[in-house]
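Q: coords please:
(2 chains)
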There are 2 protein chains.
Amino acid sequence: MRDVHVVGAGMTRFAKSTKSLKELAGEAVTDALQDADVSAVDIQAAYVGNAVAGLVTGQEMIRGQVLLRPVGIEGIPIFNLENACASAASAFHLGWQSVATGIHDVVLCLGAEKLTHPEDKNRGMAAISTAVDVELAAGMADQMRNGKESSQHSLFMDLYADWTKKYMQRSGATREDFAQVVVKNQHNGARNPRAQYGGELTVEDVLAAREVVWPLTLFMCSPISDGAAAVVLAADPGRRVNRRSPKIRASVVVSGNVHDQTDPTAGSCARAARLAFEAAGLGPEDIDVAEVHDATAPAELMIYEQIGFAEPGGGAELLASGKTRLDGALPVNPSGGLLCKGHPIGATGIAQICEATWQLRGDAGERQVEGARVALTQNGGGWLEGDSAAMSVHILTTS
Amino acid sequence: MRDVHVVGAGMTRFAKSTKSLKELAGEAVTDALQDADVSAVDIQAAYVGNAVAGLVTGQEMIRGQVLLRPVGIEGIPIFNLENACASAASAFHLGWQSVATGIHDVVLCLGAEKLTHPEDKNRGMAAISTAVDVELAAGMADQMRNGKESSQHSLFMDLYADWTKKYMQRSGATREDFAQVVVKNQHNGARNPRAQYGGELTVEDVLAAREVVWPLTLFMCSPISDGAAAVVLAADPGRRVNRRSPKIRASVVVSGNVHDQTDPTAGSCARAARLAFEAAGLGPEDIDVAEVHDATAPAELMIYEQIGFAEPGGGAELLASGKTRLDGALPVNPSGGLLCKGHPIGATGIAQICEATWQLRGDAGERQVEGARVALTQNGGGWLEGDSAAMSVHILTTS
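A: Numbering: from 1, shown residues only, chains lettered A, B, ... in the order given. Predicted coordinates for the structure are as follows:
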């Protein structure tokens, strides 16, 4: 296996955008190619993550070919990958694999998503709700909502609320703890010009926001976002890779499985993290900065425990210690995370890689984690019988 | 790169089915595992091709996880691949790549599609029409149909009709030639218990069928089908691979590009075939049996020329020589092809691999090509600016 480096990164601002998916993808790809100092014709294969264009824009098929043709990428193998909110991480993983194994020397990995629809504001939410077994979903939603109608949130927020209640019972974490996650990530988002939201909030502000599903308020849920993120990967030890090109030390994708729901070390996230640490020869204590899948605020605390940043039940305590703040020893979600940077679902996994790349290069501006040499990203997608359907953990280091 | 073998193949009958996509996929996977003599827990990764479940069944995301969970496949990496009608070939290619490069030892590749909908008979056709740039498609369809309304066929049949007219001008091929392709493939389909159609037709029967779009009659167009096909790939030189396990000698996926439309050697099909022959160290003259993408009858003749079985313009002449008949020197589409075996679009690429496997093992029953030692499959998908969006060619040989 060869060393694979991220030699270029590009990303749109995440926002509710009037731009088309094609425009967003074009912007991210153009920036990534320019950052890598390569041309469209240098790209030997492309791995494209997108989750819901079929339902939102009607482009069910050949999404990558349609997005890449306007920037001059054609002829090469193009693979359209979907793994719900982990679509981009899956595309990145297969891109890494193809370079690591010597199939290709230079590849493009793109994640792009448009969740807003100009005429149908519920379409994005409805699309997101298909990241479960849809045959079983209707009954499940009815049961969870206890007969109450709701079109203001996806089935996923019902699921997250359910996990959160169980987590609160198990760990003693409170709504105030969840609000503190939002306060932290909003602070970070304010320092990220590509973030959808950011600013200084108080715990009271977060708790006073509209309730989505108890115990989650609006600020505790990641927003509807449009956006795209792209990276160029290469193994070439010559011109393309330089000391500014982070090295991919581990790339892991797994699926969920049936497991003990009360044990944070038993699910797909913990399993993917263990595999990634093993591949990298590193442990949780070696991580300098992490981007994790805070689709809701409590999820970030659960992920601390699943990855091994905290003991089981110790997520809130870790947060309260200040360690995961931007000025702490292990900043988590310096970009603002899904909560504040935004969550265009099929783009998120590669947006995390972009942030890791910029942090490791020292290019993260006001949100730079000083001396960051080891970065971890974690991106999950979908839901099936008590676990994420797809889960990914990546570890990158300075070259 | 390691040798990769097809150690098990399974396939449903292709038909307009009352079974769900989950039932169809489960049937194909169960058969493939049994044929390979492996258990669900032996599978280390799964590559799942499907094109339109999001639009037909509403399962836009985590399609593979939802299809594989009921047969006990969970926890492992599962990748959902889409490349329109070449979705399954793309899944197969990435499965091959992961075994050839040593990432995994035993993987599952699945293609599954349900085009019929119990309550909405136009839904499958509408879904198929998204295999183009949908932003441009509405205008294109209007222009091609010259204002005439039609919901009886997909935009793709308009495109195929347009290519066919140009091909007739260029090559001198006639509607009678196209009808002869149907006669040949119906004859073969009658010998395939998994084929949707089959029987003895005359040229007159084919020409007398309802016109879909001139010059294409109903029998010259592949049908709406449901079905699934799966293969198990392995590199293990021990228990799993035996003399009955065909070897994958070349696996190529490319995308289309802008090229001279009048030159059959310039497009993605010819390019993929050249790359495959180069990788295998073989040429068109070495092929004993081929399964090609006869989405329409004239397409089969064009593909003869693109692959190099015939000279440019010589497709009809090759057919007339009898060489591509079941009793000829180079039988093409012994399974009945897309025209008669059926075309559940995201399953077709792996169904072709199943047929190649059975032919090379001598398991093809009444349609067995005697002494077949080298098989080629060709599977294309989508349409973008004058070429297929995705194109795949595979070459398999006896072990």
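Q: Quick check: residues of the stretch 101-250 of chain A near chain B?
A: A:T101, A:G102, A:I103, A:A127, A:T130, A:A131, A:V132, A:D133, A:V134, A:E135 (C-beta under 8 Å from any C-beta of the partner chain). No exception for glycine: its C-beta is placed from N, CA and C like everyone else's.
Q: quick one: low-confidence ranges for the stretch 1-150 of chain A?
A: A:138-150 (pLDDT under 70).
Q: make that the stretch 201-350 of chain A, sorry
A: Along the stretch 201-350 of chain A, the model assigns pLDDT under 70 to residues A:237-239.
Q: Smallest distance to chain B belongs to which residue of it?
A: Closest residue of the stretch 201-350 of chain A to chain B, C-beta to the nearest C-beta: A:N257 (3.9 Å).
Q: and that residue, what are its phi and psi?
A: Main-chain dihedrals, A:N257, degrees, to the nearest 10: phi -150, psi 170.
Q: Run a quick neighbour tally on it.
A: By the criterion of other C-beta atoms under 10 Å in any protein chain shown, A:N257 has 18 neighbours.
Q: is it true that it touches B:G72?
A: No: assessed by C-beta atoms under 8 Å, A:N257 is found out of contact with B:G72, at 10.0 Å.
Q: residues in contact with the residue of the stretch 101-250 of chain A at minimum distance from chain B?
A: Chain B sits closest to A:T101 of the stretch 101-250 of chain A, with a gap of 3.5 Å, by C-beta to the nearest C-beta. Applying C-beta atoms under 8 Å, 6 or more residues apart in numbering or on different chains to A:T101 gives the contacts A:M1, A:R2, B:Q97, B:T101, B:G102, B:I103.
Q: Just the ones of these in helices?
A: Applying DSSP state H to the contacts of A:T101, the entries found in helices are B:Q97.
Q: Mind checking which of the contacts of A:T101 are buried?
A: In the contacts of A:T101, burial by neighbour count holds for B:Q97, B:T101, B:I103, counting by 16 or more other C-beta atoms under 10 Å in any protein chain shown.
Q: show me where chain A has strands.
A: Along chain A, the segments classed as strands by DSSP state E run A:5-11, A:45-49, A:78-82, A:106-114, A:211-213, A:216-217, A:226-234, A:247-255, A:289-291, A:374-381, A:390-397.
Q: Not counting sequence-adjacent ones, nearest residue to A:A390?
A: A:N83 (3.8 Å; C-beta to C-beta, 6 or more residues apart in numbering or on different chains).
Q: how much space between the one you found and A:A137?
A: Remark: distance between A:N83 and A:A137 (C-beta to C-beta, to the nearest Å) = 18 Å.
Q: Break down chain A into its helices, ranges please.
A: Taking DSSP H to define them, one finds helices in chain A at A:21-36, A:53-56, A:63-68, A:87-100, A:123-128, A:134-145, A:155-171, A:175-189, A:203-208, A:268-280, A:297-307, A:315-320, A:337-341, A:348-361.
Q: For these, give me a markdown table that also has distance to B:M391.
A: A markdown table is the format used below for the helices of chain A (distance: least, C-beta to C-beta, whole Å):
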| stretch | distance to B:M391 |
| --- | --- |
| helix A:21-36 | 22 |
| helix A:53-56 | 22 |
| helix A:63-68 | 11 |
| helix A:87-100 | 18 |
| helix A:123-128 | 29 |
| helix A:134-145 | 31 |
| helix A:155-171 | 37 |
| helix A:175-189 | 43 |
| helix A:203-208 | 52 |
| helix A:268-280 | 34 |
| helix A:297-307 | 41 |
| helix A:315-320 | 49 |
| helix A:337-341 | 37 |
| helix A:348-361 | 26 |
